[in-house]
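Participant: need a structure here:
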Amino acid sequence: MAKLKILSQKISRRQVIIDAAKKIIISRGFENLTIRAIAQEISVTDGALYRHFKSKHEIISLLIDDLEKTLLTAIEKPAYSLANPIEKLKGIFLSHISNAEQRKGLNLIVINESFTIRDKIIKNKMLKVMSRYQETLKVVIREAIILKKIDKNVDVNAAGIAFFGMVQAAVTFWVLNDFKYHLQSRTLDRMFDQYVRGLGVK
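Facilitator: Have a look, this model is predicted:
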């Protein structure tokens, strides 16, 4: 019982640290994410923080875990709950956009920063998350082909990459404009319609 309590406290403390890291990234930028900044945010000493994390990379690793949990949960719900594969694709699209808006583009920032870090473990971890995202998309796109909802000659891999690129582009412009408009807008419907027309939607 005592061990469970200690474990629970440890998990709780780590979550507090991760939440502080997210707050710093959103408000001050990734370049200002340091052990000292996090320690100041949660009112502890640098040394106390190092008891939970040995380096900044460990915090980034947990941010990737957080991204995986929130983003993949968001897109997998419509992917496996809706019947029509085109509706599934739109559900994935809107869920990803909604997730990005709720998190102030945090996922985009973490994804982009993972590319610049010279740490194979971090890069491979992010690659696994992105690969799982792509596999979910490809399952839905293949289903659309089998059910003759889109052109049978669609390249599944290319269609999946184009889909992700479409979402990332929308979020990128939104972040660069300092969140001045609602990310979920009529423009998104037009973007999605343009995408599925490119797949030869029936």
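Participant: surely I111 is in contact with K123?
Facilitator: No: under the criterion of C-beta atoms under 8 Å, I111 makes no contact with K123, lying 11.0 Å away. C-beta here means a position set from N, CA and C on the backbone, and glycine is covered the same way.
Participant: which one of these two has more residues nearby?
Facilitator: I111 (17 against 14; other C-beta atoms under 10 Å).
Participant: now that one: which helix or strand?
Facilitator: Using DSSP states H and E, I111 maps to helix 106-116.
Participant: list the contacts of that helix.
Facilitator: With contact meaning C-beta atoms under 8 Å, 6 or more residues apart in numbering, helix 106-116 is reached by 22, 25-26, 30, 60, 63-64, 67, 70-71, 99-100, 122-123, 125-126, 130, 168, 171-172, 175.
Participant: helices or strands next to the helix or strand hosting F192 in the packing?
Facilitator: If you go by DSSP H and E, F192 is part of helix 186-198. Packing partners of helix 186-198 (3 or more C-beta pairs under 8 Å, 6 or more residues apart in numbering; DSSP states H and E): helix 85-102, helix 156-176.
Participant: dump it to PDB, keeping only the CA atoms.
Facilitator: Taking Å, rounded to 0.1, in the frame of the first residue of the first chain, the C-alpha atoms of helix 186-198 are listed here in PDB:
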ATOM      1  CA  ARG A 186     -15.200  27.200 -43.000                       C
ATOM      2  CA  THR A 187     -11.800  27.200 -44.700                       C
ATOM      3  CA  LEU A 188     -11.200  23.800 -43.200                       C
ATOM      4  CA  ASP A 189     -14.300  22.300 -44.800                       C
ATOM      5  CA  ARG A 190     -13.000  23.600 -48.200                       C
ATOM      6  CA  MET A 191      -9.600  22.200 -47.500                       C
ATOM      7  CA  PHE A 192     -11.000  18.800 -46.700                       C
ATOM      8  CA  ASP A 193     -13.300  18.800 -49.700                       C
ATOM      9  CA  GLN A 194     -10.300  19.700 -51.900                       C
ATOM     10  CA  TYR A 195      -8.400  16.800 -50.400                       C
ATOM     11  CA  VAL A 196     -11.100  14.100 -51.000                       C
ATOM     12  CA  ARG A 197     -11.700  15.400 -54.500                       C
ATOM     13  CA  GLY A 198      -8.000  14.700 -55.100                       C
END
